[in-house]
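Asks: My questions are about this predicted structure, shown below with the sequence.
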Amino acid sequence: MPRRILVDPAPLRESREFRLLFLGQLVSTIGSQLTVVAIPYQVYAQTRSSFQVGAVSLAQLVPLVAGSLIGGSVGDAVDRRLLLLVASTALTLTSGGLALNAVVPHPSLLALYLVSALAAGLGGFANPARNSVVPALVGTGNLVAALSFLQALAQVGAVAGPALGGVLIGHAGVAWVYGIDALTFLVAIAATAMMRPIPPAAGADRPGLRSIVEGLRYLRKRPIMQGAYLIDINAMVFGMPRALFPAIGLRVFHGGPAVVGYLFAAPGVGALAGALTTGWVGTLDRRGRAVVVAVVVWGMAITAFGFTRMLWPALVLLAIAGWADVISAVLRNTILQTLVPEHFRSRIIAIQLAVVQGGPRVGDLESGGVATLAGTQFSVVSGGLACVVGAVALALALPGFARHRASDLPLMPAVPHKDQARS
């Protein structure tokens, strides 16, 4: 019974390359999540405006989407290990730039906008290659478990990063947070350097605009994939009130930076618990319907959070939302990874990552703007309800997605490495 509940450790046990990928990403993710608190906190501290918090997040959207699309095109056609090394080195420099800006007597708000936008673009450029190699490293049979481990990794960062970030900001200041983030990228660089080359997929197009357009054309004809994207956009735009966390932590719960960090971390706590107990998710056949249910649970939890005026119930509701979100994420990633052929995978995953990372930034502006016009509580509650309604509407509008079954797909083995093939 426990094995049906806990995530299967086979991907980490059987694949050296996946272990290295996991290690490097774990450390760098914790560092990156420190800045998830530091940037909005610094913006709010300088401006006292939730709208500005949402705006600085939105400023990252275009570079993120553009970087993802370009990175998807390049990732299908080059050695993905080299691509990850270059991107991680550049991200080290952007975090260092944020640290330098934070230590000057009058930190520049414009620099926060520009450097964080550049970092978002670089992250978008690297992520398609990092995510698209997973099926080749572990095979379809271990794909749900591998994606669950990556979700667990992301949530460890989402829990430890914001919580630690809030404490560090309160005791040492934002400059230390940015500096630590820069150091974590050095670990990612070392782990990636130890990996074997990851050559491009056979039959991949040359990188460029034509390659990006071909990926979009491939997606246009596949409503199941479109459903996976659209239902996540719905949840992130309407049901992700993170731009309001500084105002809620400081004004509603009358706390300091640590309370703001707890609010950012709470969804990650639930998501981490969900990711580590996804053994049962691999047995689900009706994956599309399960995604719809998970998004509805997310929206209901956020709605209830909007009515809460006590800290601990609020954190529990955010944790429930995070649990539902990680179940949705694992299933959506599995649907996409199993439907897409390898020579399109980086490009399609690039679109997915643009949605996953870009949607919350649009949501930041939406929630911040609505809060400015109608109040914080109205923004949170209306967003949660819109998330629920949107999930049901999409299930009705895209019945092929809601009816998608795992049993309709063939199994794909992992690609053996040279030393494995000799043995």
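Replies: Arrived safely, thanks for sending. If you're wondering where the values come from, they're calculated on a predicted model, not measured in any experiment.
Asks: which ones are touching residue 165?
Replies: The contact partners of residue 165, by CB atoms under 8 Å, 6 or more residues apart in numbering, come to 33-38, 177, 261, 264. Using the backbone N, CA and C atoms, a C-beta is placed for each residue, glycine as well.
Asks: quick one: residue 190 and residue 20 touch, right?
Replies: No: with contacts counted by CB atoms under 8 Å, residue 190 stays clear of residue 20, the gap being 9.4 Å.
Asks: quick one: which of those two has more around it?
Replies: Neighbour comparison, residue 190 and residue 20: the larger count goes to residue 20, with 19 against 15 (by other CB atoms under 10 Å).
Asks: Tell me the helix or strand right after the helix or strand hosting residue 378.
Replies: Using DSSP states H and E, residue 378 sits in helix 376-397. Moving toward the C-terminus from helix 376-397, the first helix or strand encountered (DSSP H and E) is helix 399-402.
Asks: Return the set of buried residues in that next one.
Replies: Buried positions in helix 399-402, judged by neighbour count with 16 or more other CB atoms under 10 Å: 401-402.
Asks: for that helix, packing partners?
Replies: In terms of contacts (3 or more CB pairs under 8 Å, 6 or more residues apart in numbering; DSSP states H and E), helix 399-402 is packed against helix 223-238, helix 287-307, helix 376-397.
Asks: can you redo those as JSON lines with distance to residue 354, mean pLDDT and mean neighbour count?
Replies: Converted to JSON lines, the helices and strands packed on helix 399-402 look like this (distance: least, CB to CB, whole Å; pLDDT from 0 to 100; neighbours: other CB atoms under 10 Å):
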{"stretch": "helix 223-238", "distance to residue 354": "9", "mean pLDDT": "84", "mean neighbour count": "22"}
{"stretch": "helix 287-307", "distance to residue 354": "19", "mean pLDDT": "92", "mean neighbour count": "22"}
{"stretch": "helix 376-397", "distance to residue 354": "18", "mean pLDDT": "91", "mean neighbour count": "19"}
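Asks: Show me the one of these that comes nearest residue 340.
Replies: helix 223-238 (7.6 Å; CB to CB).
Asks: Could you point out which residue ranges in the stretch 51-200 of the chain have low pLDDT?
Replies: 158 (pLDDT under 70).
Asks: Please repeat the previous calculation with a cut-off of 90.
Replies: 51-83, 105-106, 120, 123-174, 195-200 (pLDDT under 90).
Asks: now the strands for it?
Replies: Here the stretch 51-200 of the chain has no strands by DSSP state E, counting those that start in this stretch.
Asks: does residue 240 count as helix, strand or coil?
Replies: coil (DSSP: H, G, I helix; E, B strand; the rest coil).
Asks: wait, what's in contact with it?
Replies: Counting by CB under 8 Å, 6+ apart, residue 240 makes contact with 302, 359-360, 363-364, 367, 383.
Asks: Now find how far off-centre stretch 295-303 is within its chain.
Replies: 18 Å (CA atoms, centre = their mean, to the nearest Å).
Asks: Check stretch 176-186 too.
Replies: 19 Å.
Asks: May I see the buried residues of it?
Replies: For stretch 176-186, by 16+ other CB under 10 Å, it's 176-182, 184-185.
Asks: With stretch 65-79 instead?
Replies: Residues 65-78 are the ones in stretch 65-79 that count as buried (16+ other CB under 10 Å).
Asks: Inside helices: which ones of the residues you listed?
Replies: Residues of these located in helices (DSSP state H): 65-75.
Asks: about what we covered before: what sits in contact with each of residue 190 and residue 20?
Replies: By CB under 8 Å, 6+ apart, no residue touches both residue 190 and residue 20.
Asks: For residue 278, give me its contacts.
Replies: Applying CB under 8 Å, 6+ apart to residue 278 gives the contacts 7, 144-145, 148, 151, 326-327, 330.
Asks: Need the pLDDT of it.
Replies: pLDDT recorded at residue 278 is 75.
Asks: if you skip the residues just before and after it, what's nearest to it?
Replies: residue 148 (4.2 Å; CB to CB, 6 or more residues apart in numbering).
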